[in-house]
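>>> using only what follows, build the 3D model:
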Amino acid sequence: MFKNYLKIAFRNLWKSKGDAFINIAGLSVAFCISAFLFLTAYFQFSFDNFHKDKERVFQTYFFSNDPERAQASSSMPFPITPALKAEFPEIEHITRIVNGSDVLEYKGKYFDKQIKYIDPDFFKIFTFPLLKGSTETALRDLSSIVISENMAKAIFGTEDPMGKSVMVGLDQNRKEYVVTGVLQDFPDNSTIKYDAFVRTENAAEYGRSKEQWDAHSHVVFVKLAPNADQAALENRLKPFAKKYFSESIESLTKKGAKPDERGDIFAVRFKNLADLHFDKQLSGGGAAPLALIYALMGIGFFILLIACINFINLNVARSFIRAREVGVRKSLGALKNQLFLQIWGEASFICFFGFLTGVILAILLLPAFNATFQTKLSLQYMFEPDKIALLFGLFILVTLIAGGYPAWQMSKFNAVEVLKGRVTLKKPGVLRNSLIVAQFTLSSLLICCTVIAIQQVDHLRTQPLGFQKEEVISIPVGNKINGKKVLQRMRNELAGDPTVVGISGSAVNLGVGADRSSSRSVIGFNFKEKEVSTDWLSVDYDYLKTLNIKLLAGREFNPAYPSDSLDRVIITESMAKAISEDEPVGKFFQTDTAGVKYQIIGLVPDFNLYSSKNEKKPITMHLGGSESVSYIFVRVTPQSLSVSMDKLKALWKQVAPETEFTGSFLDENTDSWYREEGHLSNVFSLASGVAIVLSCLGLFAIALIVMEQRTKEIGVRKVLGASISSLVFVLSKDFVKLVLIAIVIATPLAWFLMQKWLDNYAYRIEINPMIFVLVGLAAVLVAVATVSFQSIKAALMNPVKSLRSE
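Numbering: from 1, shown residues only. Presented below is the predicted three-dimensional model:
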């Protein structure tokens, strides 16, 4: 019996090659694209899931119920860690993590590496396995260093690194460390990235800040005891906050801050590790937006649904053609469940081929997908036991929905009525039309979202940043050399070059350069009974000139004024507003009561330092010390732009032969700020393209079957004198109506969803209603083109042949 079913299935597939191809092609593309989208979502949701006892691991943060907007800050002072450990027994382990990078030297070779400063409890909180050494003793001494497996291979090659000495730092900050452990490399879905770890006490700022409660510079993680309750501990931390942060509470109260629903104006709270990846305020915003991840999952589901709708529509439409076969089988004694199994088996056969082809496509296209969307997906995720079970369940679900419904309907045919030529389903047109409307609703929705997302990305790219990004080359200095000295050498060499407009340096790059690195220094202090937070930006002379930032008042830093390098600053308009000064030039402020008294010598417009997605933040610029230049900016004339990069690369070999030249254009760097939005628009473009192609495939096949069913009607109309154009109109109008209904449904949905998405941006577009009009027209034209091909073909048939065939 099974052999007979299989033979009939092959025979029917061969007989309806066109329908089989459309079904298999649609399902395979849908499976492939959905697999990519679901894998992307899974990868994002899997961040930090590999840590043991992750439900007990938390990051500390400060909550401030500021009258303007409630804020959360993960930056902690050094003394909070020992204080929490001593006063709260519920905290089993605690560690500080101070980000840093430095140059490491071994046998005359230099390496720029990401070195983090941690406490010994780090290895008891996080699951980063040690390949060599012991978690108990790895960081027992201040001169110990634990390195990653990748770093061990890069520096030591095949040598055993254990016990070897390496030098970290330059000049007076140079220190010898002994390798006491080798860590397994961090997985791609880890929030914490590293090359090496040393003790917190080695951090440059530790000595001067270890007792300062108002100097916030790092993050803190805790691991709670198994029986500890997060809410109860946060409640017990209220007296702790009042004890150590009374000034912050007093400052917020004077600003008019009110307690939140938990009774806090200022509080120390915890964020679970599982929730950290998608928290923009605490994680630094490096993760893809959660809305994007859900959008990817929704798109994957939509594409699968469209493919299933095609399958259902084609099978239901084809059931009329196979009606006599079913009638004969029933008259010969076939039972309803036998007919169901046979027809469903054929559908499952097609689904299996579609699924298999989709998997092959996914394997072949995965490298291209990873390269296009800059992801690190691996198909090994799909072949884990739970994922295999999920895929099998998805396969069964698709076959049940796409193949089961038509099989169930066909198995219910009345044999006598079928053999008489009278085949009826309860409102078959309603089901078919509803499914076509659903297809084009989803396709139109995705197209509208794509157009709006692309417009928003373009708007961000053209949004004024507050500085001129064109014709500027950004050069990372690295850790091997003194940036201040290199900058001065370049100034001397380029002093008489007419193609160089300006040259300066800074501790912070604008955008993401070739070194893929970023740093940020934020200072908070009280001023006139008001809490002020500002980006503390270390710059060099001619910074404003090089970036073409206009002075609103005062002057730029000038070597003729020695005091500029000691206690003079230039601030932005937002900073002037934060300190409530309409005319700030000449005014003084202090970041702490015992510190330097800074005088404001210049005022500039706000500019974007880290992103153009959010509002411009207060910025305070100062002349840094001897190691304040990490990036050199060179503005060149537009005419010399094409040759300037090669010229600077050649010059770099003279002024800094120890390090590689990795310069890049500043406008390319700032484009990285929009990478996620660019990915979003690319994903939507891909998904909407696939969705419209699948929808058109389905519409084409349905139109073909409908034309076959209306052959006699078309012949009669032609005999009675109907023109080809009128026949095409009659045959196409019903499909166009369905597309118009889909557009009416999709338009408000797209408007609502994209308004919610755009609300995440400080600088956003207003949705133009013409987008929906143009998308609607495009959808109608595509549908008309798809259906008209079959309509014209049917209209051109010889009516004598069509009536004779009936």
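>>> contacts and neighbour counts: CA atoms only from here.
Will do.
>>> near residue 260, how many other residues are there?
By the other C-alpha atoms under 10 Å criterion, the neighbourhood of residue 260 contains 13 residues.
>>> how close does it get to residue 66?
10 Å (C-alpha to C-alpha, to the nearest Å).
>>> check what pLDDT residue 479 gets.
On pLDDT, residue 479 comes in at 72.
>>> which SSE is the closest residue to it other than its chain neighbours in?
Nearest residue to residue 479, sequence neighbours excluded (C-alpha to C-alpha, 6 or more residues apart in numbering): residue 103, at 5.0 Å. Assigned by DSSP states H and E, residue 103 belongs to strand 101-106.
>>> in that strand, what counts as buried?
Buried residues in strand 101-106, counted by 16 or more other C-alpha atoms under 10 Å: 101, 102, 103, 104, 105.
>>> now the last one: closest residue in space, sequence neighbours ignored.
Right, the one you point to is residue 105. Residue 105 sits nearest to residue 167 (C-alpha to C-alpha, 6+ apart), 5.1 Å away.
>>> hang on, that neighbour in a helix?
No. Membership of residue 167 in a helix is not supported by DSSP: H, G, I helix; E, B strand; the rest coil, which gives strand.
>>> quick check: next helix or strand after the worst-scoring helix or strand of the chain on mean pLDDT?
Lowest by mean pLDDT, DSSP states H and E among the helices and strands of the chain is helix 415-419, with a mean of 58. Later in the chain than helix 415-419, the nearest helix or strand by DSSP H and E is helix 428-462.
>>> check which helices and strands that next one sits against.
Judged by 3 or more C-alpha pairs under 8 Å, 6 or more residues apart in numbering; DSSP states H and E, the packing partners of helix 428-462 are helix 290-321, helix 675-709, helix 724-758, helix 770-795.
>>> so where is the stretch 651-800 of the chain shaky, pLDDT-wise?
676-677, 680, 704-705, 708-709, 799-800 (pLDDT under 70).
>>> what lines up beside the strand holding residue 103 in the sheet?
Strand 101-106 has the following strand partners under DSSP bridges: strand 109-118 (antiparallel), strand 165-168 (antiparallel).
>>> what about the strands in the stretch 501-650 of the chain?
522-527, 530-539, 553-554, 568-572, 588-590, 597-604, 619-623, 631-636 (DSSP state E, counting those that start in this stretch).
>>> pick out the shakiest of those strands, pLDDT-wise.
strand 522-527 (a mean of 77).
>>> picking that back up, can you name the residues bridging to the residue nearest to residue 479?
residue 112.
>>> contacting residues for it?
By C-alpha atoms under 8 Å, 6 or more residues apart in numbering, the residues touching residue 103 are 110, 111, 112, 113, 168, 169, 170, 479, 480.
>>> low pLDDT regions in the stretch 301-450 of the chain?
In the stretch 301-450 of the chain, residues with pLDDT under 70: 316-336, 402-403, 405-407, 409-429, 431.
>>> give me the pLDDT value at the residue nearest to residue 479.
At residue 103, pLDDT is 80.
>>> so it versus residue 144, what's the distance?
Taken as C-alpha to C-alpha, the span from residue 103 to residue 144 is 16 Å.
>>> what's the closest of the helices and strands packed on helix 428-462 to residue 150?
helix 675-709 (27.4 Å; C-alpha to C-alpha).
>>> and the angle from that closest one to helix 770-795?
Interaxial angle, helix 675-709 versus helix 770-795 (axes from the mean of the first three to the mean of the last three C-alpha atoms, to 10 degrees): 30 degrees.
>>> out of the contacts of residue 103, who's nearest residue 530?
residue 479 (37.7 Å).
>>> contact partners for that closest one?
Contacts of residue 479 by C-alpha under 8 Å, 6+ apart are 101, 102, 103, 112, 169, 170.
>>> what of residue 211?
Neighbours of residue 211 in contact, by C-alpha under 8 Å, 6+ apart: 78, 79.
>>> would it be right to say that it lies in a strand?
No. Counting by three-state DSSP, residue 211 is not part of a strand but coil.
>>> ok, now how distant is it from residue 205?
11 Å.
>>> ok, residue 179 next?
Applying C-alpha to C-alpha to residue 179 and residue 205 gives a distance of 23 Å.
>>> who has more neighbours, those two?
Using other C-alpha under 10 Å as the criterion, residue 179 and residue 205 rank with residue 179 on top: 23 against 14.
>>> using the three-state scheme, assign that one.
strand.
>>> what sits against it?
Residue 179 makes contact with 144, 145, 146, 147, 161, 162, 163, 164, 165, 166, according to C-alpha under 8 Å, 6+ apart.
>>> same question for residue 351.
Residue 351 neighbours (C-alpha under 8 Å, 6+ apart): 24, 27, 395, 398, 399.
>>> neighbours of the residue nearest to residue 776 when sequence neighbours are not counted, how many?
In space, and not counting its chain neighbours, residue 776 is closest to residue 743: 5.9 Å by C-alpha to C-alpha, 6+ apart. Neighbourhood size, residue 743 [other C-alpha under 10 Å]: 26.
>>> and for residue 430?
10.
>>> please report the distance of it from residue 124.
In this view, residue 430 and residue 124 are 62 Å apart by C-alpha to C-alpha.
>>> pull out the buried residues from the longest helix along the chain.
Assignment by DSSP state H gives helix 336-373 as the longest helix of the chain. Judged by neighbour count (16+ other C-alpha under 10 Å), helix 336-373 contains these buried residues: 336, 339-359, 361-362, 366, 369, 373.
>>> equivalent analysis for stretch 177-197, please.
Applying a neighbour-count criterion of 16+ other C-alpha under 10 Å, one finds 177-183, 185-186, 189, 191, 194-197 buried in stretch 177-197.
>>> so residue 486 touches residue 656, yeah?
Yes. Look at residue 486 against residue 656 with C-alpha atoms under 8 Å: they come within range, at 6.6 Å.
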